[in-house]
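Chemist: based on what follows, work out the 3D shape:
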Amino acid sequence: MTTDGLGRAGMYAVGALAFAALLSGCGGGTGRAPAARSGTPQPVVPSGAGTPAPAPAPVTAVPTAAGSAAGAPAAWAKWNLKPLPAAPAAPADKPVKLTATGAVPVLSDIRTTDRVVFVTIDDGAEKDPKFVEMLTDLRVPVSMFLTRDIVKDDYGYFKPLQALGNHIHNHTVDHPAMSTKPADVQKAEVCNAQAALTQQYGTAPLLFRPPYGDGANTAALNTAVQQCGPRAIVLWRESMQIHDMQYQAADKKLRPGDIVLAHFRGPKDLKGETMTQMFGELLSRIQEQGFAVARLEDYIQPPA
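Modeler: Down below sits the predicted model:
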């Protein structure tokens, strides 16, 4: 398996820590062990992986005039935000090069010197039309990890977000802690979500994120992901709460290439805050540290 430029591997605690994560919702950060920030990822190499699923369709980058996050200044003012720096052009030589077969890598960040971070949003529970308006105005790229049974009541909500160039990825059928499930159930969670999302959105998800990050470095889950089609497991370095992020780094600072986790959440889960208010707070925290938001998929080369 090619591991050139994969960044630092996400090392994940299971067992008791996984159940602590359950208490904090999908990947709040309190239940996961910090991942090492140096060295080459060491993905689990399962035995008996079976016949690999077909590779996902190639990722197509959607360019903007000056990289990502290129919304006009007036658009940022509309949402009472300071503009983010424009992201640099997508690298021609992708830091992450995925293979069509074999064990999939586990990514918590992308190895790059670009002063960028990558925003990912999970689940799909809150379907606020104002958030679609916000992203349409600001053109901030996000990667969406959707849970089938959470989004199936309104698959259409996410299509305008996809039309902006944002990619849809796999976050299981019904959001279980994967390490608590037998291998056949893990496979069904990944494969059935993969099939539904491919049918609804026209492109097979390239990436997979396990709920709570649970089981990310286990052989059983790696095998299930291989069999169902995604070619990498994606974790995170920071997780957005309501007004600020939880950091794995002791100094509570972003690093180039960090993957940031947020959720489709509304007032019920955000103590009265809306999805757009939470997302605005996230962008402000990123802007304060002088980072741009780049498109995660622009830094990943899918299998040939």
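
Chemist: rest of the way, CA atoms for contacts and neighbours
Modeler: Will do.

Chemist: which pLDDT value belongs to the closest residue to residue 157 other than its chain neighbours?
Modeler: Spatial nearest neighbour of residue 157, chain neighbours left out: residue 127 (6.6 Å); criterion: Cα to Cα, 6 or more residues apart in numbering. Looking at residue 127, its pLDDT reads 98.

Chemist: can you count the residues close to residue 127?
Modeler: 18 (other Cα atoms under 10 Å).

Chemist: phi first, then psi, for it.
Modeler: With angles defined as degrees, to the nearest 10, residue 127 sits at phi -120, psi 70.

Chemist: from memory it sits against residue 267, does it?
Modeler: No. In this structure, residue 127 is not within contact of residue 267 by Cα atoms under 8 Å, at 11.7 Å.

Chemist: can you show me the helices along the stretch 51-200 of the chain?
Modeler: With DSSP state H, counting those that start in this stretch as the criterion, the stretch 51-200 of the chain has helices at 73-78, 129-138, 148-151, 159-163, 183-201.

Chemist: just want the most central residue of this protein.
Modeler: residue 120 (3.8 Å; Cα atoms, centre = their mean).

Chemist: for the nearest residue to that residue once chain neighbours are set aside, give me its contacts.
Modeler: Once flanking residues are discounted, residue 120 sits nearest to residue 143: 4.6 Å by Cα to Cα, 6+ apart. Counting by Cα atoms under 8 Å, 6 or more residues apart in numbering, residue 143 makes contact with 119, 120, 121, 166, 167, 168, 169, 295, 296.

Chemist: please flag which of these sit within strands.
Modeler: 119, 120, 121, 167, 168, 169 (DSSP state E).

Chemist: residue 183: how many residues sit nearby?
Modeler: Neighbour number of residue 183 under other Cα under 10 Å is 16.

Chemist: quick check: pLDDT value at the nearest residue to it once chain neighbours are set aside.
Modeler: Nearest residue to residue 183, sequence neighbours excluded (Cα to Cα, 6+ apart): residue 220, at 5.8 Å. Note for residue 220: predicted pLDDT of 98.

Chemist: for the helices of the stretch 51-200 of the chain, give me CSV that also has distance to residue 271.
Modeler: Formatted as CSV, those follow (distance: least, Cα to Cα, whole Å):
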stretch, distance to residue 271
helix 73-78, 23
helix 129-138, 17
helix 148-151, 21
helix 159-163, 25
helix 183-201, 30
